[in-house]
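In: Fold the stuff below for me.
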Amino acid sequence: MSGSVVITGGQGALGQALAIEFEKGMWKVEAPGREELDVCSEESAARYFSDRSVDLLICAAGLVRDRPLDRLTDEDWNLVCETNFKGAARCARLASRGMRERKGGHIVFISSFSALHPPIGQAAYAASKAALIGLTQGLAGELGPSGIRINVVLPGFMETPMTRSVSEARFAEVLGQHALGRFNTASAVARFIRHLHEDLVHTSGQAFNLDSRLA
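Out: Here you go, the predicted structure:
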């Protein structure tokens, strides 16, 4: 199986791992950064998807603003929710138009373990990522009759530039929560998502947690 895949947030660690993995399968891969596709901008997203036929959309663009509730400003909330949730929904809406016409396609949202078990100080990020799980199930029912699959993946904690600011104490604490005593990797997540798309063709509306944390 091959086709065209668009990976939002494509210049991040996971986005790059996904691009490498799908290129192995002879896919036409586009992994735009924010300069080419700003998911927070309706104009940018509409322009980007206006002339593209997308078989698989992976919504990997995201950011964090970790602060206690009384220090989270409206600007923080707006930025996190606009990027992590509304940006993903916006791209799904635009890409799914062509999928409806072709009677097929697949959209994969990238959520987080924090959506289910948020640590203290991560309310905005956790809320935005939890919203993607509800979006997945809602769209799976809505778009299923058009042959479009919707799934959401929770990659787990990975050692990437996004997590480099985590303190050594917090790093050790998170590692201790993993039953296998090790973190997931971007390349392993990418392999799973390719497997989900190419092999699990009857699967939609599901959330997949990929690390070994139990609660």
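In: going forward, measure contacts between C-alpha atoms and count neighbours the same way
Out: OK.
In: What separation is there between residue 190 and residue 119?
Out: According to C-alpha to C-alpha, to the nearest Å, residue 190 and residue 119 sit 25 Å apart.
In: More neighbours: those two, which one.
Out: Taking other C-alpha atoms under 10 Å, residue 190 and residue 119 do not tie; residue 190 has more neighbours (21 against 12).
In: what about the more buried one, is that helix, strand or coil?
Out: helix (DSSP: H, G, I helix; E, B strand; the rest coil).
In: What residues does it make contact with?
Out: Each residue near residue 190 by C-alpha atoms under 8 Å, 6 or more residues apart in numbering is listed here: 14, 17-18, 21.
In: which stretches of this protein form strands?
Out: Applying DSSP state E to the chain gives strands spanning 4-8, 28-30, 56-59, 105-110, 148-154, 207-209.
In: Just put the contacts of residue 190 in a markdown table and tack on distance to residue 144, pLDDT and neighbour count.
Out: Formatted as a markdown table, the contacts of residue 190 follow (distance: C-alpha to C-alpha, whole Å; pLDDT from 0 to 100; neighbours: other C-alpha atoms under 10 Å):
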| residue | distance to residue 144 | pLDDT | neighbour count |
| --- | --- | --- | --- |
| 14 | 27 | 96 | 24 |
| 17 | 28 | 97 | 20 |
| 18 | 25 | 98 | 28 |
| 21 | 26 | 97 | 21 |
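In: Export these to a markdown table and append columns for distance to residue 137.
Out: Output for these, formatted as a markdown table (distance: C-alpha to C-alpha, whole Å):
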| residue | distance to residue 137 |
| --- | --- |
| 14 | 23 |
| 17 | 26 |
| 18 | 23 |
| 21 | 26 |
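In: Identify, from the residues you listed, the entry nearest to residue 100.
Out: residue 18 (24.4 Å; C-alpha to C-alpha).
In: Tell me the spatial nearest neighbour of the closest one, not counting adjacent residues.
Out: Counting by C-alpha to C-alpha, 6 or more residues apart in numbering, residue 190 is the residue found nearest to residue 18 once chain neighbours are left out, at 4.8 Å.
In: what number of residues lie near residue 129?
Out: Neighbour number of residue 129 under other C-alpha under 10 Å is 26.
In: What confidence value was assigned to it?
Out: Per-residue pLDDT puts residue 129 at 98.
In: check contacts around it.
Out: Counting by C-alpha under 8 Å, 6+ apart, residue 129 has contacts 84-85, 110-112, 114-115.
In: How about residue 32?
Out: 6-11 are the contacts of residue 32 under C-alpha under 8 Å, 6+ apart.
In: Is it possible to get a markdown table of the strands of the chain that adds distance to residue 183, mean neighbour count and mean pLDDT?
Out: Formatted as a markdown table, the strands of the chain follow (distance: least, C-alpha to C-alpha, whole Å; neighbours: other C-alpha atoms under 10 Å; pLDDT from 0 to 100):
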| stretch | distance to residue 183 | mean neighbour count | mean pLDDT |
| --- | --- | --- | --- |
| strand 4-8 | 23 | 23 | 98 |
| strand 28-30 | 27 | 17 | 98 |
| strand 56-59 | 22 | 25 | 98 |
| strand 105-110 | 17 | 26 | 98 |
| strand 148-154 | 13 | 25 | 98 |
| strand 207-209 | 13 | 18 | 97 |
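In: So which of the ones you listed is nearest residue 38?
Out: Of all those, strand 4-8 comes closest under C-alpha to C-alpha, at 8.7 Å.
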